[in-house]
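**Student:** Quick one: sequence plus predicted model below, questions after.
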Amino acid sequence: PLGIPLTGGGPYFGFLACRKAHVRQLPGRLVAKTVDGQGRAGFCLTLQAREQHIRRGKATSNICTNQGLMVTAATIHMATLGGHGLQRTAVLCHERAVRLRELLTVVPGVRLPYGGPFFHEFVLRLPHAAVAVRDALLGHGLLAGLPLSDWGMGEAGDLLVCTTELLEEADLLAYRDALTSVLETL
């Protein structure tokens, strides 16, 4: 919704918000831990203001430039939308997510494992492995969502589903119909 499409591995950007009194307490860097294909631990900087930790002469990455380009593109996109347009985009994303959740939870066997508020993504618990459902829906021309088991989270049937402002009612109905068909045949 901020004008930055998904690409193979990024770069992306994010926002952190806090009260003005706490600005100086925000971290300059956040380090994430992951595990590679052989089970070895690895660490990376998932949030950094810029490459302050590397001397300019020894830097081998242009991550600052790339992040700067992404932020510039998003700034232009948000300025074009304006405050009301950005708010309308957010409202549309949420409305579409609410509608899709309503449509999908009446499909036999589909449940919501987690309650609580959400913005434009939510988790469905499917009666079959989410990976199999995702792959079958791909055959219907749909990017169904993200199986949480791919990331070592949730149960095998948990599928993270997301909507954007670009989806129309016909798209949501097509997803429901395709999911119904796939669940009946698996």
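**Tutor:** That came in fine, so what should we check first? Numbers count the residues shown, from 1 in each chain.
**Student:** which residues of this structure fall in strands?
**Tutor:** Using DSSP state E, the strands assigned to the chain run over residues 29-35, 41-48, 121-125, 146-147, 158-162.
**Student:** Mean pLDDT lowest where, among these?
**Tutor:** Averaged per stretch, pLDDT over these is lowest on strand 41-48, reaching a mean of 79.
**Student:** would you put the C-alpha positions of that strand in PDB?
**Tutor:** What follows is strand 41-48, C-alpha atoms only, in PDB (Å, rounded to 0.1, in the frame of the first residue of the first chain):
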ATOM      1  CA  ALA A  41      22.300 -20.000  13.500                       C
ATOM      2  CA  GLY A  42      22.800 -16.800  11.600                       C
ATOM      3  CA  PHE A  43      22.400 -13.100  12.500                       C
ATOM      4  CA  CYS A  44      21.500 -10.100  10.400                       C
ATOM      5  CA  LEU A  45      20.600  -6.500  10.900                       C
ATOM      6  CA  THR A  46      16.900  -6.300  10.200                       C
ATOM      7  CA  LEU A  47      16.600  -2.600  11.100                       C
ATOM      8  CA  GLN A  48      19.400  -0.100  10.800                       C
END
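**Student:** Distance from the chain centre to it, please.
**Tutor:** Centre-to-centre, strand 41-48 and its host chain are 19 Å apart (C-alpha atoms, centre = their mean, to the nearest Å).
**Student:** and what of stretch 145-162?
**Tutor:** Using C-alpha atoms, centre = their mean, the offset of stretch 145-162 from its chain centre is 12 Å.
**Student:** okay, how far is it across it, tip to tip?
**Tutor:** Across stretch 145-162, the terminal residues are separated by 7 Å (C-alpha to C-alpha, to the nearest Å).
**Student:** contacting residues around that stretch?
**Tutor:** Stretch 145-162 is contacted from outside by 97, 100-101, 104, 113, 120-131, 133-134, 144, using C-beta atoms under 8 Å, 6 or more residues apart in numbering. (C-beta placed from N, C-alpha, C; glycine too.)
**Student:** Thank you, goodbye.
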